[in-house]
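Asker: Sequence and predicted structure, then a few things I'm wondering about:
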Amino acid sequence: MKKILIIVFGLLFFSCEKKDSDQSVKNADKEACTTNSKTNKDGFEMYEMSEMAALMEQMYVDNQRLKERIVKGDTIGKFPQHFIKIHKAVMTDETDKDAFFNEQAAKFIKAQELIYEDPKNAKEHFNNGIDACIQCHEVKCGGPIPKIKKLYIK
């Protein structure tokens with residue numbers, strides 16, 4: 001009886017295991033977009049987030065909070081000045097900081113500023129900023145697109 005239970009539980013465990021190779025490719029793409037690999041003295045690889053990746057993670061969190069305030073109709077507050085660092089932050093791959101990136105970053109910053117300058121149309125400006133993020137990530141680094149899309153205000 002014990003052997004049967006062990007076999008049943010073993011089959012359940014292995015049949016429930018997710019075998020999605022596309023997901024592992026997406027995870028690898030996301031990791032490659034946001035980290036630098038360094039090997040320490042023991043030979044282990046350690047990943048460090050680039051300055052740009054860390055800034056984008058912070059902007060994501062800030063925009064989650066902003067989205068909640070817009071949806072609830074709360075006061076918007078003041079434009080987060082650290083967003084301006086998008087123009088100077090060090091990227092994982094500095095060759096990605098080109099004219100296209102600068103154009104999309106400027107669109108994003110302008111849309112973000114308009115949220116605070118024109119709060120009556122905050123939803124439209126907010127979604128325009130998210131559009132700028134997605135348009136850039138479609139060309140530069142596609143990994144975070146599904147996460148970014150969750151920010152849209154419907």
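Answerer: Thanks, I have the structure now.

Asker: and the longest helix for the protein?
Answerer: helix 51-72 (DSSP state H).

Asker: and residue 143, that one's in a helix?
Answerer: No. Checked against DSSP: H, G, I helix; E, B strand; the rest coil, residue 143 lies outside a helix; its state is coil.

Asker: Quick one: neighbours of it, just the number.
Answerer: Here the number of neighbours of residue 143 (other CB atoms under 10 Å) works out to 19. To be clear about C-beta, it is placed using only N, CA and C from the backbone, and glycine gets the same treatment.

Asker: Next: residue 131.
Answerer: Look at residue 131: counted by other CB under 10 Å, it has 16 neighbours.

Asker: just to revisit the earlier point, then the longest helix of the chain to PDB, C-alphas only?
Answerer: C-alpha atoms of helix 51-72 as PDB (Å, rounded to 0.1, in the frame of the first residue of the first chain):
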ATOM      1  CA  GLU A  51      21.700  51.400 -13.000                       C
ATOM      2  CA  MET A  52      19.000  51.700 -15.800                       C
ATOM      3  CA  ALA A  53      17.400  48.400 -14.800                       C
ATOM      4  CA  ALA A  54      17.200  49.500 -11.200                       C
ATOM      5  CA  LEU A  55      15.700  52.900 -12.200                       C
ATOM      6  CA  MET A  56      13.100  51.200 -14.400                       C
ATOM      7  CA  GLU A  57      12.100  48.900 -11.500                       C
ATOM      8  CA  GLN A  58      11.700  52.000  -9.300                       C
ATOM      9  CA  MET A  59       9.700  53.700 -12.000                       C
ATOM     10  CA  TYR A  60       7.500  50.600 -12.300                       C
ATOM     11  CA  VAL A  61       6.700  50.700  -8.600                       C
ATOM     12  CA  ASP A  62       6.100  54.500  -8.700                       C
ATOM     13  CA  ASN A  63       3.700  54.000 -11.600                       C
ATOM     14  CA  GLN A  64       1.800  51.200  -9.900                       C
ATOM     15  CA  ARG A  65       1.200  53.700  -7.000                       C
ATOM     16  CA  LEU A  66       0.300  56.500  -9.400                       C
ATOM     17  CA  LYS A  67      -2.100  54.200 -11.300                       C
ATOM     18  CA  GLU A  68      -3.900  53.400  -8.000                       C
ATOM     19  CA  ARG A  69      -4.200  57.100  -7.200                       C
ATOM     20  CA  ILE A  70      -5.600  58.000 -10.600                       C
ATOM     21  CA  VAL A  71      -8.100  55.100 -10.500                       C
ATOM     22  CA  LYS A  72      -9.300  56.100  -7.000                       C
END
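
Asker: Cheers, nothing more for now.
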